[in-house]
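Novice: Here's my sequence, what's the structure:
(one chain, ligands or ions: 3)
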Amino acid sequence: MGPVPELDSRADACARRLHEADAALLASHIDADGLTSAAVASTALERAGIAHEVCFKKQLDDAEIADLAAREFDTVLFTDFGSGQLDAIAAHEAAGDFEPVIADHHQPADAETEYHLNPLLSGIDGASELSGAGAAYVLARALAADDDDGEYDTDNRDLAALAVVGAVGDMQAVDGELVGANRAIVEEGAAAGVLEEGTDLALYGKQTRPLPKLLEYASEVRIPGITNDQQGAISFLQDLPVELQADGDWRRWVDLSDEEKRTVASALLQRAITRGVPANKAERLVGTTYTLTREQPGTELRDASEFSTLLNATARYERADVGLAVCLGDRGDAFDRARRLLSNHRRNLSEGLETVKQLGVEREEYVQWFDAGEEIRETIVGIVAGMALGVDGVDPDRPILAFARKNDEETKVSSRGTGRLVGRGLDLSAVMGEASRAVGGDGGGHDVAAGATIPAGEEESFVERADAIIAEQLDG
Ligand code: C5P
Ligand code: C5P
Ligand code: ZN
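Specialist: Ligands and ions are numbered 1, 2, ... in the order given. Sure thing, here's the model as predicted:
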């Protein structure tokens, strides 16, 4: 039995089909979850002795699917996308172009296919309970179980670490913690000795950032006098009974002893509360962390959250090959390259957020939006939109739409909501799908985060449509 019993029979069917493939083409999405999905699936195929090639796509549309068909593999395995484009894929299946096998977690389009593994088909939430990499992991476990000829003797549980990086990269943690089917994967990873779940400071950069920068740049919870205040962060630390430097360099969080960590964490919490941060917000400074125990301490790869950002820094800049190589174990050239890409990605995110602050956000009745034009890359505008929900002047409780220019003809739209809004009926996947098709585009995704491509010039009518659909969802 696999880690998610509800998915067993679909996973087994997919695994059996893959064992019959002559050669499979594995196609995946260009983000952290897509990369880890591909790494998990490719490793499992490799171990099972199934010949395959890997390719990445920014998104799947009719033209991209036709491209895949033209490569003449008898089987195409889609990971972290495919369900939303099931209608187009099924048409190729019917034409005998290839046999599709899908391991995805996006909202499925209205069509049927035989080998389709998706949490949403089994009552499991695809935005918070299982990621694309999680679906690929379930498939990997089934592939191992289905290895009749005993060619290899692994159960693939070591791949749980990558599956968790994918889930964290897709922001699936609810209040900082993985839940549902994701939990089962965490437990398998812990049992296999590749993962450790712990409670720690919930700030980004514990492995790699110098202590003052860790605090200064922390945007998760804003602490007056520390956040975005280099001198403030340094003097806060200097008041504590903790050695701040070693050999002339700032120490990092990983360099502290447990005792020192406790000292800093409790001082930080106290400071937050005395400076007026509400207790329920201050509590978010501490949370669940996922450590990849086989990775070197003090590297991005040791922490699931830093690992996922490193991967986004490759794939969203046309270097999915680099991220995949790191996932598959390259700790030399590819890792160096990924780190250089990461500093570029970080700069782009912070400049992107500045752009949003300068542009400001337009408010409609239900939705708010900004148009970044060419200022923000279309591949990261969704990440920036999500970050913008925490910024001054942006309503944190209103769905946000973000436009970025794709090319002369097309505009990319990203949308982000909150768990609370989803609880009230928001489904951005439906909003993006319906509003984009109404103006001659296409889109989809998850209830809490979705995207679309529309013809350039249709932005205004798109906003109008989206506002009306959201009104219906929240008030109708
Ligand atoms: O295509 P994919 O599923 O991998 O993309 C997920 C996207 O949705 C990520 O960019 C992630 O930031 C966003 N997301 C989010 N909040 C959630 C779930 C997903 O912002 N609760
Ligand atoms: O690109 P962005 O990060 O905004 O995507 C958010 C979610 O919407 C992702 O899960 C992505 O796969 C999905 N999406 C989609 N169709 C599009 C664009 C995005 O299903 N045309
Ligand atoms: Zn995903």
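Novice: And Asp249, how close does it get to Gly132?
Specialist: Distance from Asp249 to Gly132, counting by Cβ to Cβ, to the nearest Å: 38 Å. C-beta coordinates here come from the backbone N, C-alpha and C atoms, glycine included.
Novice: Tell me where the stretch 301-450 of the chain has helices.
Specialist: 304-315, 320-327, 333-359, 381-388, 419-423, 428-438 (DSSP state H, counting those that start in this stretch).
Novice: Could you list the buried residues of the last one?
Specialist: Pointing back at helix 428-438 there. For helix 428-438, burial by neighbour count (16 or more other Cβ atoms under 10 Å) applies to 428-436, 438.
Novice: of all the helices of the stretch 301-450 of the chain, which lies closest to ligand 1?
Specialist: Closest approach to ligand 1 among the helices of the stretch 301-450 of the chain (Cβ to the nearest ligand atom): helix 381-388, 4.4 Å.
Novice: which helices and strands does the closest one pack with?
Specialist: helix 333-359, strand 400-405, strand 410-416, strand 449-455 (3 or more Cβ pairs under 8 Å, 6 or more residues apart in numbering; DSSP states H and E).
Novice: Nearest to Asp8, out of these?
Specialist: Asp8 lies closest to strand 449-455 among those, at 27.9 Å (Cβ to Cβ).
Novice: Out of the helices and strands packed on helix 381-388, which gets nearest to ligand 3?
Specialist: Proximity to ligand 3 (Cβ to the ion) singles out strand 449-455 among the helices and strands packed on helix 381-388, at 9.5 Å.
Novice: Tell me the strands beside the closest one, with direction?
Specialist: strand 410-416 (antiparallel), strand 442-445 (antiparallel) (DSSP bridges).
Novice: Using CSV, write out the CA atom coordinates for stretch 245-262.
Specialist: Provided in CSV are the C-alpha atoms of stretch 245-262 (Å, rounded to 0.1, in the frame of the first residue of the first chain):
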residue,chain,number,x,y,z
GLN,A,245,30.8,36.4,14.9
ALA,A,246,33.2,33.6,14.4
ASP,A,247,36.5,34.2,12.6
GLY,A,248,35.5,37.7,11.7
ASP,A,249,32.3,36.5,9.9
TRP,A,250,28.7,36.8,11.0
ARG,A,251,27.4,33.5,12.3
ARG,A,252,24.2,32.1,10.7
TRP,A,253,21.3,30.6,12.5
VAL,A,254,22.6,27.0,11.8
ASP,A,255,25.8,27.9,13.6
LEU,A,256,24.0,28.6,16.9
SER,A,257,23.7,26.0,19.6
ASP,A,258,20.2,25.0,20.6
GLU,A,259,20.5,27.1,23.8
GLU,A,260,21.5,30.2,21.7
LYS,A,261,18.7,29.6,19.3
ARG,A,262,16.2,29.6,22.2
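Novice: Leaving out chain neighbours, which residue sits closest to Phe335?
Specialist: Val326 (5.5 Å; Cβ to Cβ, 6 or more residues apart in numbering).
Novice: same check, this time on Leu244
Specialist: In space, and not counting its chain neighbours, Leu244 is closest to Leu237: 5.6 Å by Cβ to Cβ, 6+ apart.
Novice: Likewise for Ile380?
Specialist: Distances taken as Cβ to Cβ, 6+ apart put Arg316 closest to Ile380, at 5.5 Å, once the chain neighbours are dropped.
Novice: From Arg17, how far out is the residue nearest to Phe335?
Specialist: 29 Å.
Novice: which one of these two has more residues nearby?
Specialist: Neighbour count, other Cβ atoms under 10 Å: between Val326 and Arg17, Val326 has more, with 25 against 17.
Novice: dump the residue contacts of that one.
Specialist: 301, 310-311, 314, 334-335, 338 (Cβ atoms under 8 Å, 6 or more residues apart in numbering).
Novice: May I see those residues arranged in a markdown table, with neighbour count, pLDDT and distance to ligand 2 as well?
Specialist: Converted to a markdown table, the contacts of Val326 look like this (neighbours: other Cβ atoms under 10 Å; pLDDT from 0 to 100; distance: Cβ to the nearest ligand atom, whole Å):
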| residue | neighbour count | pLDDT | distance to ligand 2 |
| --- | --- | --- | --- |
| Leu301 | 23 | 98 | 23 |
| Leu310 | 27 | 97 | 17 |
| Leu311 | 34 | 97 | 14 |
| Thr314 | 27 | 97 | 16 |
| Ala334 | 20 | 98 | 24 |
| Phe335 | 17 | 98 | 25 |
| Ala338 | 24 | 98 | 20 |
